[in-house]
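Participant: what would the 3D arrangement of this be:
(one chain, ligands or ions: 3)
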Amino acid sequence: MKLAYRVDQVRAMEEAALAADPVPELMQSAAAALAAAVSDLLRRRRGSVYGARVLIMVGRGNNGGDALYAGARLADRGAAVTALALLGEPHPAGLAALLAAGGRLVDAAPEELAALDVALDGVLGIGGRPGLPDDVAQLAAALDGAGVPLVAVDLPSGVDADTGAVPASAVRADLTVTFGVAKACQVIEPARSRCGELRVVDLGFDPALATDALRCLEPSDLATGWPFPGRSSDKYARGVVGIDTGSPDYPGAALLGTYGAVHAGAGMVRFLGPDEAGDRLLSLLPNVVRADGRVQARLVGSGWGDRPDGAEVLARVADEGLPAVVDADGLRFLPERCPSHWLLTPHAGELARLLDRPRAEVEADPLAAAHEGADRTGATVLLKGATQVVVEPGNASATIAVPGPAWTAQAGSGDVLAGVCAALLAAGLSTSDAGAYGASLQALAAAEFPGPVPPQQLATRFPTVLGRLEAARR
Ligand SMILES: NC(=O)C1=CN([C@@H]2O[C@H](COP(=O)(O)OP(=O)(O)OC[C@H]3O[C@@H](n4cnc5c(N)ncnc54)[C@H](OP(=O)(O)O)[C@@H]3O)[C@@H](O)[C@H]2O)[C@@H](O)CC1
Ligand SMILES: Nc1ncnc2c1ncn2[C@@H]1O[C@H](COP(=O)(O)OP(=O)(O)O)[C@@H](O)[C@H]1O
Ligand SMILES: [K+]
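Facilitator: Ligands and ions are numbered 1, 2, ... in the order given. Reported below is the predicted structural model:
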């Protein structure tokens with residue numbers, strides 16, 4: 001599992017490191033690692049650092065200082081380094097180091113951008129506010145358009161370091177060299193995609209100083225945490241899911257959720273939704289049981305439409321006390337306070353409705369919106385989207401699922417995912433793990449079988465992915 005941090009957490013770790021080590025030392029370590037990464041890139045692209053043409057875009061903070069010191073190191077190795085001050089007076093000691101090493105400070109970007117071998121973005125780091133002045137944004141876009149490799153210092157300038165939002169203007173990097181620890185913007189879309197390849201430079205920060213880091217799942221976490229059946233497992237130990245989803249208007253949702261639960265390894269699925277969907281389901285998945293009986297978790301809400309008894313069904317599920325996934329239309333019937341063993345699976349629009357906010361606000365800061373959703377409802381929230389975030393009520397941390405390709409973004413994917421999560425709840429996982437592992441499985445399957453694969457077919461690939469994960473843990 002990788003961890004990522006907000007700016008206030010990074011600052012706290014920096015402060016502690018600075019108490020042991022003065023700023024210039026820390027900055028020199030950062031600059032040395034940055035220069036090494038740029039040297040690697042130059043060697044890969046043109047064989048050597050010597051003679052390479054390097055442009056440094058410099059702001060007026062320490063981010064520019066890092067870039068200038070790194071530029072000095074590149075100049076020492078024979079690169080032709082020019083620095084362009086874009087936001088006023090650059091870091092004085094960094095500039096002096098660059099000039100002493102033979103670098104130059106220029107007033108304007110070179111005419112022929114395409115002749116550059118690399119550009120460093122040292123405009124804004126963790127002290128930056130989102131967005132860039134127009135002239136800086138234009139230069140960054142022109143470099144991008146000219147095909148010049150862009151290396152972001154700490155983070156791509158202009159992105160929102162904490163939320164992952166990307167305003168109209170921000171740098172798009174090919175490589176981001178970040179200092180100490182990964183930042184939230186490096187794991188949350190759309191900023192994540194602006195980072196290119198990510199390298200984290202160890203500066204000896206103490207991660208224990210920030211307890212509520214973002215936990216970013218990796219495939220190896222699924223390999224160890226997925227509830228694979230043991231030798232003595234029977235179908236009850238694997239988990240029985242009771243599914244009451246779909247409606248005459250949306251029968252497909254019932255089929256899709258059941259596909260998800262079955263192919264994620266539920267021991268048994270009892271389908272308790274409308275007869276039309278149930279009959280069709282049995283012809284596709286004869287292993288599904290239509291009789292009511294003992295279950296370990298429930299899935300409700302997907303494809304309900306305006307189900308007249310929605311609130312009563314949810315009240316019964318709450319009284320019963322079992323873990324449950326409440327998806328899609330079910331989210332409109334939530335009680336004032338949900339049981340803590342419920343997992344809500346909204347997309348941005350559904351969460352916006354729940355919070356009575358514009359959808360754009362949820363999309364601009366998905367983490368904050370998911371926290372608000374969990375705190376208000378009392379249930380765990382899996383907010384779906386390009387980044388899938390899972391948040392528990394009263395917990396300042398959050399889990400981010402393994403990212404996957406946008407092929408998953410299609411009608412019905414959410415229904416399948418809800419079924420996967422319900423199977424995981426029935427197998428005994430916590431609401432948080434069920435949400436994060438479920439979303440990760442779907443993303444891994446979409447990555448392994450990319451293209452416009454319909455969600456029900458993607459579900460039939462889950463066993464292949466799970467088989468590989470199970471083999472990986474042996
Ligand atoms: N601390 C340490 O020990 C270490 C720190 N390290 C490095 O320091 C970086 C953080 O440096 P930092 O705090 O100096 O802030 P930084 O991001 O360079 O910029 C702030 C300046 O930009 C300005 N400004 C802000 N937003 C703006 C906007 N949208 N448009 C225009 N201007 C804007 C803002 O001006 P303001 O308007 O707020 O007065 C201020 O002058 C960090 O990312 C890492 O690279 C490493 O070396 C390791 C050791
Ligand atoms: N850009 C994206 N990249 C990867 N996955 C995405 C992206 N956009 C959406 N998804 C995923 O696609 C699924 C769509 O869910 P949802 O909108 O609820 O579909 P439906 O309600 O039609 O079943 C979710 O799992 C979501 O996280
Ligand atoms: K930067």
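Participant: please make it C-alpha for all contacts and neighbour counts, starting now.
Facilitator: Fine.
Participant: okay, and for the chain, where does confidence drop off?
Facilitator: Filtered on pLDDT under 70, the chain yields the residue ranges 23.
Participant: what's the helix ranked longest in it in contact with?
Facilitator: Secondary structure assigned by DSSP state H gives helix 23-46 as the longest helix of the chain. Residues outside helix 23-46 that contact it (Cα atoms under 8 Å, 6 or more residues apart in numbering): 18, 48-49, 52, 65-67, 69-71, 73-74, 117-118, 151, 153, 177, 179, 201, 203.
Participant: now intersect those with the strands, please.
Facilitator: Members of the contacts of helix 23-46 lying in strands (criterion: DSSP state E): 118, 151, 153, 177, 179, 201.
Participant: was I right to think the second one contacts residue 178?
Facilitator: No. At 10.4 Å, residue 151 and residue 178 do not qualify as touching, with contact defined as Cα atoms under 8 Å.
Participant: the two: who's more crowded?
Facilitator: residue 151 (30 against 24; other Cα atoms under 10 Å).
Participant: the residue of the stretch 301-450 of the chain at minimum distance from ligand 1: what's it in contact with?
Facilitator: Scanning the stretch 301-450 of the chain for the residue nearest ligand 1 gives residue 364, at 16.9 Å (criterion: Cα to the nearest ligand atom). Going by Cα under 8 Å, 6+ apart, residue 364 touches 163, 164, 165.
Participant: cool, residue 410 as well?
Facilitator: So residue 410 contacts residue 455 (Cα under 8 Å, 6+ apart).
Participant: so residue 198 sits in a strand?
Facilitator: Yes. The assignment for residue 198 is a strand, going by DSSP: H, G, I helix; E, B strand; the rest coil.
Participant: tell me the bridge partners for it.
Facilitator: Residues in a beta bridge with residue 198, per DSSP bridges, are residue 176.
Participant: list the contacts of residue 326.
Facilitator: 299, 300, 301, 302, 342, 343, 344, 345.
Participant: cool, and residue 122?
Facilitator: 56, 57, 58, 59, 63, 64, 65, 66, 67, 152, 153, 157.
Participant: and those near ligand 1, which?
Facilitator: Contacts with ligand 1 within the contacts of residue 122, counted by Cα under 6 Å from any ligand atom: 63, 64, 66, 153.
Participant: the stretch 51-200 of the chain: strands as residue ranges?
Facilitator: Assigned by DSSP state E, counting those that start in this stretch, the stretch 51-200 of the chain shows strands spanning 53-58, 80-85, 104-106, 118-122, 150-153, 175-179, 182-183, 197-201.
Participant: pull up the pairing partners for the shortest one, direction included.
Facilitator: According to DSSP bridges, strand 182-183 forms sheet pairs with strand 2-5 (parallel).
Participant: nearest to ligand 3, of the ones in strands among the contacts of helix 23-46?
Facilitator: residue 153 (4.2 Å; Cα to the ion).
Participant: and that closest one, what does it touch?
Facilitator: Contacts of residue 153 by Cα under 8 Å, 6+ apart are 34, 63, 66, 67, 120, 121, 122, 125, 176, 177, 178.
Participant: rerun at 6 Å
Facilitator: Each residue near residue 153 by Cα atoms under 6 Å, 6 or more residues apart in numbering is listed here: 121, 122, 177.
Participant: chain center to stretch 195-208, what's the gap?
Facilitator: Put simply, stretch 195-208 sits 17 Å off its chain's centre (Cα atoms, centre = their mean, to the nearest Å).
Participant: how about stretch 344-357?
Facilitator: With Cα atoms, centre = their mean, you get 18 Å for stretch 344-357.
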